[in-house]
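prediction below, plus the sequence it came from.
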Amino acid sequence: MRLKLTQKSALAAIFVMMCVLRLWYAIFLFFAFGLYLTLKNKNKTFCAGYCPMGAIQDLSAAKGPRRFLKLPKGVKPAVMIVFWGLILSAVLLEFGNPVGIWLSLFRLVLFIAALSLLLQNFYANRTWCTTLCPMGTIYTKTIQHSSNT
């Protein structure tokens, strides 16, 4: 699958921020950008067109019918708690050590990338995005909340 220009740009930006500049807060910048787009457009524009994890999954997308992953109730909130807990603990435990924070967050990103590709091989394309992504969950809740007000 060919990537959109926005996906290529997002992949390049996150690579430069995380791997070249080693900015430990790059994840927060992308999250804030995604939240801005979600509030502005009232849809998941970030997920569809900018998310680097989605772009990685799009690059390895398989053709043909795939089954969908059905999660037991409570798994998604648990993933949210673990994800944000790991980010918060990395920042708090390594506070004052930007390299330590960066390394912890970089490992988390690599783990999620590997998990998303593994899930995609056994289930539908973008399984991580559609079932487990903590950021996508927040964006969805934001859309639902803004449409109710």
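That came through fine. This structure is a prediction, so every number in the text was calculated from the model and none was measured.

phi, psi of the closest residue to residue 75 other than its chain neighbours?
Nearest non-adjacent residue to residue 75, counting by CB to CB, 6 or more residues apart in numbering: residue 132, 7.8 Å away. (C-beta placed from N, C-alpha, C; glycine too.) When quoted as degrees, to the nearest 10, the phi and psi of residue 132 stand at phi -120, psi -20.

okay, now residue 132: neighbour count?
For residue 132, the neighbour count with other CB atoms under 10 Å is 21.

what does residue 55 give?
Around residue 55 there are 20 residues (other CB under 10 Å).

likewise residue 54?
There are 26 residues near residue 54, going by other CB under 10 Å.

tell me the SS of residue 112?
helix (DSSP: H, G, I helix; E, B strand; the rest coil).

an error on my part: the question was meant for residue 37.
Following three-state DSSP, residue 37 is assigned to helix.

which stretches in the chain count as helices?
Assigned by DSSP state H, the helices in the chain fall at 5-15, 26-41, 45-49, 52-59, 75-93, 98-122, 127, 134-148.

ok, which of these comes nearest residue 69?
Residue 69 sits nearest to helix 127 of all the helices of the chain, at 5.3 Å, using CB to CB.

distance of the residue nearest to residue 75 relative to residue 104?
As defined by CB to CB, to the nearest Å, residue 132 lies at a distance of 20 Å from residue 104.

same question, residue 28
14 Å.

returning to what we had before: taking the helices of the chain together, which one is wrapped up most tightly?
When you average the neighbours per residue for each of the helices of the chain (mean count of other CB atoms under 10 Å), helix 127 leads with a mean of 23.

which residue sits closest to residue 131, ignoring its sequence neighbours?
Residue 131 sits nearest to residue 69 (CB to CB, 6+ apart), 5.2 Å away.
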